[in-house]
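**Q** I would like the atomic coordinates for the input below:
(one chain, ligands or ions: 1)
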Amino acid sequence: PLSRPRSAALYEEALKHIVGGVNSPSRSFKAVGGGAPVFMQRGQGAYFWDADNNRYIDYLAAYGPIILGHAHPHVTAAIVRAAENGTLYGTPTELEIEFARMIKEAIPSLDKVRFVNSGTEAVMTTIRVARAYTGRNKIIKFAGCYHGHSDLVLVAAGSGPSTLGIPDSAGIPMSIANEVITVPFNNAEALEAALAHWGDDIAAVMVEPIVGNFGMVMPKPGFLEALCSLARANGSLVIYDEVITAFRFHYGAAQTFDGLEAPSLAAIEPDLTALGKIIGGGLPIGAYGGRKEIMEQVAPLGPAYQAGTMAGNPASISAGIACLQALREPGVYDRLDRLAARLEAGLAQGAREHGIALTINRIRGSLSTHFCDHPVTDYDQAQDTDGEQFARFFRLMLEQGICLAPSKYEAWFMTTAHTDEDIEVTIQAAERAFAVMASES
Ligand code: PMP
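**A** You can find the predicted model right below:
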């Protein structure tokens, strides 16, 4: 097993200065039994190296953005070029137009876009715009979907479809939780009941059209169509949070993905969409956009205010353009799909051979592993999986130089830098992990 004395020492040091030693709680190992997280110091392609110079095959991909692997030369060159020309002007630039055009071409429901700095900001603003446009205050969202850390979306389900939410974090007033209703994903009846109950109060229904935050979960056939038609019949807007899904499965978003059952893609087009992660090529970014008359609510055209000193900065935009250019190359997504399919088959076989119950949800180049013997199509099912087994698996993989996200809910992401050999090495490591787990049980 790899040893990590320097990570352990850095963690002790970090704890003195940075709250919890980490700048995002998902990076801590709290969900997998605690201890020092791995401190990385260098990445190249599908690998990164920690502070002790151990090498890992990376399936974390920084929670999604690093779809081209680390330090992709085309993206790096774009960032260097941007840095040499000055990283921030506080004025518009031509680059922003080019990037907006690229994104609109790939996601036609976006008549107009606005760039921001994170997925959190993008989602937060879509809600403001929806409220401004509809003159209504409440939103409906789905249990287990994550939409960033702004007040309104950090609200958990109350009991029953017509119950208001309860804050999921300290520091969020009940008055805000009272503006949110949370219903189960893939359950059109629950949504219908909530809409029937709250009617004219609902500004928008917010959803991850393909879920990336309690495993990779597809909408059931007809669910998104029902969601859109129920929301529209109620005069509510539909907001797709595509922060994880955009440019993940193909060159486009979930809303333009043919792999998604859809009698008519146009029928399930959202009114507003939030973007982030991949579109920044590894630099900070978010974006939101949608129908022209809705987006015209936004300042300076309309009364809904949103601004940003760093928004649309040339470094992030340049990295984003370069990333999308690389993703536009033929065969990129088929390759991710093929690698993930091989990985899925190997993991499934290894688990089966050692009598470990494992459900794998795979969508193209992303997959999630759930230690359970039932399907995972909603949050209850995702919660009802063996977290201790996942934690054991996570650590056994890490010891062998395979890095996953330290949470049973997160996906494994293939990057264009992963090779067949990386996948084989990973499958063999997983087999050894399953063997150890079987011998312990
Ligand atoms: N929406 C979704 C679907 C996400 O997965 C995330 C982040 N994991 C966010 C929003 C928030 O994005 P950010 O971390 O860039 O603020």
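**Q** Could you give the number of residues near the closest residue to residue 153 other than its chain neighbours?
**A** Nearest residue to residue 153 in three dimensions, chain neighbours excluded: residue 147, at 3.8 Å (Cβ to Cβ, 6 or more residues apart in numbering). Where you see a C-beta, it was placed from the backbone N, CA and C, and this is true even at glycine. Residue neighbour count, defined by other Cβ atoms under 10 Å, stands at 26 for residue 147.
**Q** My guess is residue 147 contacts residue 206. True?
**A** Yes: Residue 147 lies in contact with residue 206 (Cβ atoms under 8 Å); the separation is 6.4 Å.
**Q** Just give me the residues shared between the contact sets of the two.
**A** Common contacts of residue 147 and residue 206 (Cβ atoms under 8 Å, 6 or more residues apart in numbering): 123, 141, 153, 241.
**Q** ok, which of the residues you listed also contact the ligand?
**A** 123, 241 (Cβ under 6 Å from any ligand atom).
**Q** Check the shared contacts of residue 147 and residue 206 and tell me the two furthest apart.
**A** 123 and 141 (9.9 Å; Cβ to Cβ).
**Q** okay, and the common contacts of those two?
**A** Jointly contacting residue 123 and residue 141 under the rule Cβ under 8 Å, 6+ apart are 147, 153, 206.
**Q** Provide a list of residue ranges in this protein with pLDDT below threshold.
**A** 160-162, 260-267 (pLDDT under 70).
**Q** Now the residue in it that the ligand sits nearest to: closest residue in space, sequence neighbours ignored.
**A** Using Cβ to the nearest ligand atom, residue 119 is the residue of the chain that sits closest to the ligand, at 2.3 Å. Counting by Cβ to Cβ, 6+ apart, residue 119 lies nearest to residue 276, which is 3.2 Å off, once chain neighbours are set aside.
**Q** Surely that neighbour is in contact with residue 118?
**A** Yes: Residue 276 is in contact with residue 118 according to Cβ under 8 Å; the separation is 6.2 Å.
**Q** ok, those two, which is more surrounded?
**A** Each of residue 276 and residue 118 has its neighbours counted (other Cβ under 10 Å); residue 276 has more, 27 against 20.
**Q** contacting residues around that one?
**A** Contacts for residue 276 (Cβ under 8 Å, 6+ apart) come out as 118, 119, 122, 243, 285, 286, 287.
**Q** what about residue 344, which SS state?
**A** Three-state call for residue 344 (DSSP: H, G, I helix; E, B strand; the rest coil): helix.
**Q** Relative to residue 437, how far out is it?
**A** For residue 344, the distance to residue 437 equals 19 Å [Cβ to Cβ, to the nearest Å].
**Q** What distance do you get for residue 321 to residue 284?
**A** Distance of residue 321 to residue 284, given as Cβ to Cβ: 15 Å.
**Q** Can you pick out the residue with more neighbours from those two?
**A** More neighbours surround residue 321 than the other of residue 321 and residue 284, with 22 against 17 (other Cβ under 10 Å).
**Q** which strands and helices sit next to the strand or helix carrying the more buried one?
**A** Element membership of residue 321 [criterion: DSSP states H and E] is helix 314-327. Helix 314-327 is packed against helix 73-84, helix 94-106, with contacts defined by 3 or more Cβ pairs under 8 Å, 6 or more residues apart in numbering; DSSP states H and E.
**Q** returning to what we had before: need the residues touching each of residue 276 and residue 118.
**A** Both residue 276 and residue 118 are in contact with 285, 286, where contact means Cβ under 8 Å, 6+ apart.
**Q** Backbone dihedrals for the residue nearest to residue 153, both of them.
**A** With angles defined as degrees, to the nearest 10, residue 147 sits at phi -130, psi 30.
**Q** what's the answer for residue 134, then?
**A** Torsion angles at residue 134 (phi, psi; degrees, to the nearest 10) stand at phi -90, psi -20.
**Q** Can you get me a residue count around it?
**A** The number of residues packed near residue 134 is 19, by other Cβ under 10 Å.
**Q** residue contacts, it?
**A** Listed by Cβ under 8 Å, 6+ apart, the contact partners of residue 134 are 203, 204, 235, 236, 237.
**Q** what does residue 98 give?
**A** residue 321.
**Q** returning to what we had before: need the shared contacts of residue 123 and residue 141 in JSON lines (columns: distance to residue 110).
**A** Below are these laid out as JSON lines (distance: Cβ to Cβ, whole Å):
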{"residue": "147", "distance to residue 110": "18"}
{"residue": "153", "distance to residue 110": "21"}
{"residue": "206", "distance to residue 110": "17"}
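**Q** one step back: contacting residues around the residue of the chain closest to the ligand?
**A** By Cβ under 8 Å, 6+ apart, the contact list for residue 119 reads 147, 148, 241, 243, 274, 275, 276, 277, 286.
**Q** Can you name the residues bridging to the last one?
**A** According to DSSP bridges, residue 116, residue 276 are recorded as the beta-bridge partners of residue 286.
**Q** Residue 58 versus the residue nearest to residue 153, what's the distance?
**A** Taking Cβ to Cβ, one finds residue 147 at 25 Å from residue 58.
**Q** Contact residues of the stretch 101-250 of the chain facing the ligand?
**A** Within reach of the ligand by Cβ under 6 Å from any ligand atom, the stretch 101-250 of the chain has these residues: 118-120, 123, 146-148, 208, 212-213, 241, 243-244.
**Q** quick one: which of those residues is most hemmed in?
**A** Neighbour counts for those peak at residue 241, which has 33 neighbours (criterion: other Cβ under 10 Å).
**Q** Check whether it really touches residue 123, as I assumed.
**A** Yes: Residue 241 lies in contact with residue 123 (Cβ under 8 Å); the separation is 5.6 Å.
**Q** Show me the common contact partners of these two, please.
**A** Common contacts of residue 241 and residue 123 (Cβ under 8 Å, 6+ apart): 147, 206, 274.
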